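Engineer: 3D model of this:
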Amino acid sequence: MLFEQRLREGLHDGSITLAFRRWRRPQVVAGHHYRTGSDMVRAEAIDQVTPAEITRTQARAAGYPDVAALVGDLRGDPELPLYRIRFRRLDEPDPRDTLAATATLTGAEAASIAARLARMDAASRRGPWTAAILAQIAEKPAVSSEFLAEAIGWERAEFKVHVRRLKALGLTISLDVGYRLSPRGQAYLASAAAAER
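Structural biologist: Have a look, this model is predicted:
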């Protein structure tokens, strides 16, 4: 689920606890945790509703002054089912941030990362890519993804998807512009270089 800026801010400060979406099928699961871009939230409940069932209280909990404003702002085909999602902000860090901050790795941890990267390389239709992109980010921190993607002949959108996979392993950190290696990413590259000696 995409959390637009208005929703992110409201979830963060507690003024928003509900979201409404038109989906062919639900894109969130009750009980699961989601990243908004600034916080972690838990989807407490998801229910299919009709616009006529939305109350003014619910519209306000979704950050709108009234039901008409909420319904008028809904995106998607009006024929699609409408879902009401109740969120709760979690007072815990993004697990990726905690993982990324790890500056030392055991041999077993480095081997586990290497195995995960090898599986990602093997599954890619592009062939091995993880080492090249990690090295590129290490050499060019804070450089726009547009230029990084162009340098290796990739489309920007595809490049960013691949970097997100490295971020999920705690190896990279997204900046306002570009990326940098996380302490964990630096530790992994140092370990990999030592193993090659």
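Engineer: which residue sits closest to residue 99, ignoring its sequence neighbours?
Structural biologist: residue 170 (3.2 Å; C-beta to C-beta, 6 or more residues apart in numbering). Quick note: C-beta positions are derived from backbone N, CA and C, even for glycine.
Engineer: what's around the one you found, how many residues?
Structural biologist: The number of residues packed around residue 170, counting by other C-beta atoms under 10 Å, is 21.
Engineer: Nearest to the spatial middle of the protein, which residue is it?
Structural biologist: Closest residue to the average C-alpha location of the chain: residue 35 at 5.8 Å, with C-alpha atoms, centre = their mean.
Engineer: How about that one: what's its closest non-neighbour residue?
Structural biologist: Nearest to residue 35 is residue 94, by C-beta to C-beta, 6+ apart, at 5.8 Å.
Engineer: Next: residue 156.
Structural biologist: residue 149 (4.5 Å).
Engineer: mind checking how far the one you found is from residue 133?
Structural biologist: Residue 149 sits 10 Å away from residue 133, going by C-beta to C-beta, to the nearest Å.
Engineer: what do you get for residue 193?
Structural biologist: On the measure of C-beta to C-beta, residue 193 and residue 133 end up 16 Å apart.
Engineer: which other residues reach the helix or strand hosting the residue nearest to residue 156?
Structural biologist: Assigned by DSSP states H and E, residue 149 falls within helix 145-151. Helix 145-151 is contacted from outside by 133, 136, 137, 140, 155, 156, 158, 159, 160, 163, 178, 179, using C-beta atoms under 8 Å, 6 or more residues apart in numbering.
Engineer: ok, the fourth one - contacts?
Structural biologist: With contact taken as C-beta under 8 Å, 6+ apart, residue 140 is in contact with 147, 148, 178.
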